[in-house]
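Peer 1: Just need the structure, nothing else, for what follows:
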Amino acid sequence: MFWGVNSSITYSHMVILRSTAGIVNCGTTLITLATDAYHKYQLVVYNHVTELLTIPEDKYRTLHNLDFHIGDQTYSLTPNAQIWPHSLNTKIKRGKKGYIYLIFRDCGTHSGQEKFSDFCLGYVFSDVQGLA
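Peer 2: Okay, the predicted model is just below:
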């Protein structure tokens, strides 16, 4: 199940994506962001082995909410909601115990270049927001 939404995205009051079209898709696991938004969020380390962002434990304590503004509602992903569950680390391609992986991927195009979608809010977003 999926549906289209317009959303802007902020991280600690910094706009990382201006209001644009995207989709909520319960059939997609992660959250994908337009390349320019992904790079703004990428205040952390990219892991070339797993193709996910990873952060050290001390950096986790400095994460802020990532807010999705849809209509007049704000849907927040707390720091804990932005990380892959530790118990599932070994289910990730070449994932390792003891790492903190984030649930975001680069969708591969800059905002405004895709005809229909600059982001995809996958199952992790839907689950946290009670939509799944």
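
Peer 1: in its sheet, what does the longest strand belonging to the chain sit against?
Peer 2: Counting by DSSP state E, the longest strand found in the chain is strand 14-25. Strand 14-25 sits in its sheet next to strand 2-11 (antiparallel), strand 119-121 (parallel), going by DSSP bridges.

Peer 1: Buried ones in that strand, by neighbour count?
Peer 2: 16-17, 20-25 (16 or more other Cβ atoms under 10 Å). For the C-beta atoms, the positions are set from N, CA and C on the backbone; glycine is no exception.

Peer 1: hang on, the earlier thing: for the strands paired with strand 14-25, state which one has the densest average packing.
Peer 2: Comparing the strands paired with strand 14-25 by mean neighbour count (mean count of other Cβ atoms under 10 Å), strand 119-121 ranks first with a mean of 24.

Peer 1: Let me know whether my guess that residue 88 is in a helix holds.
Peer 2: Yes: Residue 88: assigned to a helix according to DSSP: H, G, I helix; E, B strand; the rest coil.

Peer 1: who's in contact with the closest residue to it other than its chain neighbours?
Peer 2: With Cβ to Cβ, 6 or more residues apart in numbering as the criterion, residue 88 has its nearest non-adjacent residue at 7.9 Å, and that residue is residue 95. Going by Cβ atoms under 8 Å, 6 or more residues apart in numbering, residue 95 touches 50, 84, 88-89, 101.

Peer 1: Could you point out which of those is nearest to residue 59?
Peer 2: Using Cβ to Cβ, residue 101 comes nearest to residue 59 of these, at 12.5 Å.

Peer 1: What secondary structure category should be reported for the closest one?
Peer 2: The three-state assignment at residue 101 reads strand, by three-state DSSP.

Peer 1: Nothing else from me, thank you.
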